[in-house]
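>>> Got a predicted structure plus its sequence, pasted below:
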Amino acid sequence: GEVHCSTQPLVQSVNIWDRPYFQQVLETRQFTLGGVTIGRTSGTPTMPLAYPVLGVAGEVASVLVAGINLGELTHAIPGVPEGAAISLLRSDGLVLAQFPDTGGWTGRSFPDAPLVAGLPSITTSGVIEAPGLDGSQRIYAIQRLGIGGTVLYAAVGLPSDAVIRTSAQVAVTGGVAVALMAALAAVLLGRILGHGLVFRSIRALSVAAERLAGGDFTARVPIMSPRDELGTVAASFNAMAEALAERDAALRESEQRYREVVDLITVGVWIHVDGRVIYANDYTARILGAGSPAELIGREMMSLIHPDDRPLAIERTRQMTEHGQTQLPAAELRFLRLDGRTVLVVAQALRFVREGKVHVLATARDVTAQREAEEQLRQAQKMESLGRLTGGIAHDFNNILTIIMGSLDNVLPQSPPLLQRPIGNALKAAERAATLTQRLLAYSRRQALDPEPVDLNQLTTGMDDMLRRTLGEDIEVVVQLLPDIWPVLADRAQVENSLVNLVVNARDAMPDGGKLIIETANVHLDEIYAERNAEVTPGPYAMLAVTDTGTGMPQDVVEHAIEPFFTTKPPGKGTGLGLSMIYGFAKQSGGHLKIYSEIGHGTTVRLYLPRAAMAVELAAPATANIEDFGGGETILVVEDDEAVRTLVVTQLEELGYHVIEAADGRAAQEILRIGVPIDLLFTDVVMPGGISGRKLAEEATRDRPGLRTLFTSGYTENSIVHHGRLDPGVNLLSKPYKKRDLALKVREVLDA
């Protein structure tokens, strides 16, 4: 809508975007005759004629406008009789010109006027007797004029009584009088049209076109009769449009090639002026989540940048716009996609000036995936280092803990009352040490999991009493369980341990009491969620969530919450391994852990576990008395650590079993070769001498198909554990363990 050149002096920044005729020519892309407008520069009533100049792609490149001064249409027309009325009407009753205009009718519409009602009957020319706009009865001579798609009617009316008086003087009948009046009106109409005032403006338009296009339009617009001249206006416009199109063709072709090249490159390119985007390529739209570059045009540049990075972006822009720096080095900035997600880009900027305005051309590469991959690699390397450390010490440390816990467990029932409390405390300390080791293994994803179908509702209900005792009376507990919860494939003991840790953390976050919610739900994590969260596989999951109304955590604390030994609790109040263990267990199980927290509002921790393909079978409850788990079978114990071996042999004999012991794999092979009857092979996995527990078991079961095997190990990176899970059909008792754990597992394997 901005006016670029005119035959009249221009006011600064003239724009005709709001004019209806301009909008109409943009919409129809055809010659348009507008209604009456008031000229912005002249202040006079004007009838605009508008013609579109189309580009090579058929779009409206520019618009040519001629404004006809309506005052000239009826001003100083010679030979107009008294009482005559002259009108230029559009078919819808809009008055484009009126003489005399005693009622201010020009520019107004009279669709219901009797004169207008008779216009459709006129095909080329004719006569209508009707009241004029002033109410006076007249006989009108009508001439139909077509300009583009617009129909106009020129009407000249004489008073009916004047025609009758003239008729009386010549003694003619009424019919002859009407014919005579029509002839007189037609003569007057021809005089008005022949006066050429309308077409004087149209010729002026041709002159403007000649100046604008640089071509000679005088020869193309010869002086014609008034009726023919209106019909040649469109042809003049077409000729000028062709000249403009030819002149711009090379420029448009060059620009199109440039746009195609820029849109093909896999780098975001955009230009902003005065803080607003005026150009963006396809890849920029892809980076920022827009359907097309058009969605970005006109947006405030800073609104697309993360609030925390805007100060840096503002300073970089100021260096170019105010200090004249022509180029800026690359910098990492976080941008906000239109869908609310954050992307990290490496952006560079170049300054140039066009039409007196500073333009900033920026290029950007989306490095979000690259940075996430680097972070995941660092995390994996950190976990690998921690895993090697914990795995390296686990075997020996767990052997030591097995001896300590087993010995204390044996001594405690037989000790005098004075010693029972310190022995019990020592046993609890050893159990805490075992838990610490197990959590480190869990975080590093090196614990041996034994996944099975687990019903989260049954598990939560079974732990309800214990959890409520843990929380105390100051905390309200709300349990919201989805009735049709999906079974999950996970290690039951680790799920229980995870729930206990989450509840304890929630309790500690509400020192003055509060509300705790435990809920289950079925969810489907889709591809979009997986893109935003590392190591998540899209698919169905069952969710176990714990929410508290406690103090909450700031975002920087949330980001470190899963790291081992990171804790916000006072010294001695926590190890900082609770969430680490849950996180490692979730990832090792193919699941996911998500933490949401707000300061002053509380925290929600959601544990997602993969849906199991099979139903859950309820296990029979264990008998309380340990004596019920003994038996008279023969067990071969293979353990290279003498202290551990001695302890295990003693415990099994106390349970009533017949026990044969071997210090390593070769000694066990000799025992098996002599044919001693054995019901269970209980062997360590990692042993010196080149014969592992797995190899020993394979040879033994090959020779004795019915032989049962139970492995034990304090180190999970071995031959019976792959990808963090026990091989199918493998039974494992992890070190350290107490006598009750040993009794239960041995009886379970023998009875299976």
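On my side now, so go ahead.

>>> Sticking with residue 334, tell me its helix or strand.
strand 327-336 (DSSP states H and E).

>>> Distance from the chain centre to that strand, please.
Its chain's average C-alpha position is 21 Å from that of strand 327-336, according to CA atoms, centre = their mean, to the nearest Å.

>>> Mind listing residues that contact it?
Residues from elsewhere that reach strand 327-336 (CB atoms under 8 Å, 6 or more residues apart in numbering): 287-288, 303-306, 308-309, 312-313, 316, 319-320, 342-351, 364, 367. C-beta: built from backbone N, CA, C; applies to glycine.

>>> Quick check: mean pLDDT of the helix or strand that that strand is followed by?
Where DSSP H and E defines the elements, the next helix or strand beyond strand 327-336 is strand 342-354. Strand 342-354 shows an average pLDDT of 84 in the prediction.

>>> So for residue 421, what's the pLDDT?
Residue 421 is given a pLDDT of 82.

>>> Just to be sure, it is in a helix?
Yes: counting by DSSP: H, G, I helix; E, B strand; the rest coil, residue 421 is part of a helix.

>>> pLDDT weak spots in the stretch 401-550 of the chain?
435-450, 534 (pLDDT under 70).

>>> which of the contacts of strand 327-336 are buried?
Listed as buried from the contacts of strand 327-336 are 287-288, 304-305, 309, 313, 316, 319-320, 343-349, 351, 364; burial here means 16 or more other CB atoms under 10 Å.

>>> Quick one: find the helix or strand in the chain with the lowest mean pLDDT.
helix 226-231 (a mean of 40; mean pLDDT, DSSP states H and E).

>>> on that earlier part again, which of the residues in the strand holding residue 334 are buried?
328, 333-336.

>>> For the stretch 1-150 of the chain, give me the ranges with low pLDDT.
7-13, 34-36, 38-45, 68-81, 146-150.

>>> just the strands in it please.
Ranges of strands within the stretch 1-150 of the chain are 32-33, 37-38, 45-54, 60-69, 85-90, 95-99, 125-131, 137-147, 150-159, based on DSSP state E, counting those that start in this stretch.

>>> For residue 456, find the nearest of those strands.
Residue 456 lies closest, by CB to CB, to one member of the strands of the stretch 1-150 of the chain: strand 60-69, at 63.6 Å.

>>> what helices or strands is the closest one leaning on?
helix 20-28, strand 45-54, helix 197-213, helix 233-264 (3 or more CB pairs under 8 Å, 6 or more residues apart in numbering; DSSP states H and E).

>>> Let's see that with 7 Å instead.
Other helices and strands packing on strand 60-69, by 3 or more CB pairs under 7 Å, 6 or more residues apart in numbering; DSSP states H and E, are helix 20-28, strand 45-54, helix 197-213.

>>> What are the phi and psi values at residue 371?
The phi and psi values for residue 371, taken as degrees, to the nearest 10, are phi -70, psi -40.

>>> Spatially nearest residue to it, not counting backbone neighbours?
residue 344 (5.5 Å; CB to CB, 6 or more residues apart in numbering).

>>> State the number of residues packed around residue 24.
Using other CB atoms under 10 Å, residue 24 has 16 other residues around it.

>>> right, I mislabeled it, should have said residue 299
17.

>>> which ones are touching it?
Residue 299 sits next to 276-277 when contact means CB atoms under 7 Å, 6 or more residues apart in numbering.

>>> Against residue 4, how distant is it?
Per CB to CB, to the nearest Å, residue 299 is found 26 Å from residue 4.

>>> same question, residue 709
92 Å.

>>> Check which helices and strands the helix or strand containing residue 750 sits against.
Under the criterion of DSSP H and E, residue 750 resides in helix 739-751. Packing partners of helix 739-751 (3+ CB pairs under 7 Å, 6+ apart): helix 368-411, strand 680-684, strand 708-713, strand 732-734.

>>> Now render these as CSV, adding mean neighbour count and distance to residue 543.
As requested, those are exported to CSV (neighbours: other CB atoms under 10 Å; distance: least, CB to CB, whole Å):
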stretch, mean neighbour count, distance to residue 543
helix 368-411, 17, 23
strand 680-684, 25, 39
strand 708-713, 24, 32
strand 732-734, 20, 28
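
>>> out of the ones you listed, nearest to residue 490?
When the helices and strands packed on helix 739-751 are compared (using CB to CB), the closest one is strand 732-734, at 16.3 Å.

>>> Direction included, what does the closest one pair against?
Partner strands and pairing direction for strand 732-734 (DSSP bridges) are strand 708-713 (parallel).

>>> Please work out the average pLDDT along the strand it pairs with.
Across strand 708-713, the average pLDDT comes to 88.

>>> list the contacts for residue 417?
By CB under 7 Å, 6+ apart, the contact list for residue 417 is empty.

>>> May I ask which of the buried residues of strand 327-336 comes out lowest in pLDDT?
Among these, residue 328 has the lowest pLDDT, at 80.

>>> Does residue 545 touch residue 603 like I think?
No: look at residue 545 against residue 603 with CB atoms under 7 Å: they stay out of range, at 10.6 Å.

>>> and those two? which has more neighbours close in?
It is residue 603, of residue 545 and residue 603, that has more neighbours when counted by other CB under 10 Å, with 23 against 18.

>>> Wait, a helix at that one?
No: looking at residue 603 with three-state DSSP, it is strand, so not inside a helix.

>>> burial measure for the closest residue to it other than its chain neighbours, as a count.
In space, and not counting its chain neighbours, residue 603 is closest to residue 597: 4.1 Å by CB to CB, 6+ apart. Applying other CB under 10 Å, we find 20 residues neighbouring residue 597.

>>> just how off-centre is the helix or strand containing residue 597 within its chain?
Using DSSP H and E, residue 597 falls within strand 592-598. Centroid separation between strand 592-598 and its chain, computed with CA atoms, centre = their mean, is 20 Å.

>>> Go through it and flag the buried ones.
592-595, 597.

>>> same thing with stretch 138-154?
For stretch 138-154, burial by neighbour count (16+ other CB under 10 Å) applies to 138-145, 147-148, 150-154.

>>> now stretch 123-135
Going by 16+ other CB under 10 Å, stretch 123-135 has these buried residues: 126-130, 132-133.

>>> Relative to residue 653, how far out is residue 580?
39 Å.

>>> the more surrounded of these two?
The residue with more neighbours, out of residue 580 and residue 653, is residue 580; 24 against 13, by other CB under 10 Å.

>>> tell me which element the more buried one is part of?
With DSSP H and E as criterion, residue 580 is part of helix 578-588.

>>> Please name every helix or strand in contact with that helix.
Contacts defined by 3+ CB pairs under 7 Å, 6+ apart place helix 578-588 against helix 417-443, helix 492-508, strand 592-598.

>>> tell me the angle of it relative to strand 592-598?
140 degrees (axes from the mean of the first three to the mean of the last three CA atoms, to 10 degrees).

>>> Next, the angle from helix 578-588 to helix 492-508.
150 degrees.

>>> now helix 578-588: how far from the chain's centre is it?
For helix 578-588, the distance to the chain centre is 29 Å (CA atoms, centre = their mean).

>>> so residue 491 makes contact with residue 451?
Yes: with contact defined as CB under 7 Å, residue 491 counts as touching residue 451 (5.5 Å).

>>> Please say which of these two ends up with more neighbours.
residue 491 (24 against 21).

>>> What separation is there between residue 359 and residue 350?
From residue 359 to residue 350 the distance is 9 Å (CB to CB).

>>> returning to that earlier point: dump the buried residues of strand 592-598 into CSV; add distance to residue 280 and pLDDT as well.
Output for these, formatted as CSV (distance: CB to CB, whole Å; pLDDT from 0 to 100):
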residue, distance to residue 280, pLDDT
592, 35, 88
593, 38, 87
594, 34, 88
595, 36, 88
597, 37, 86
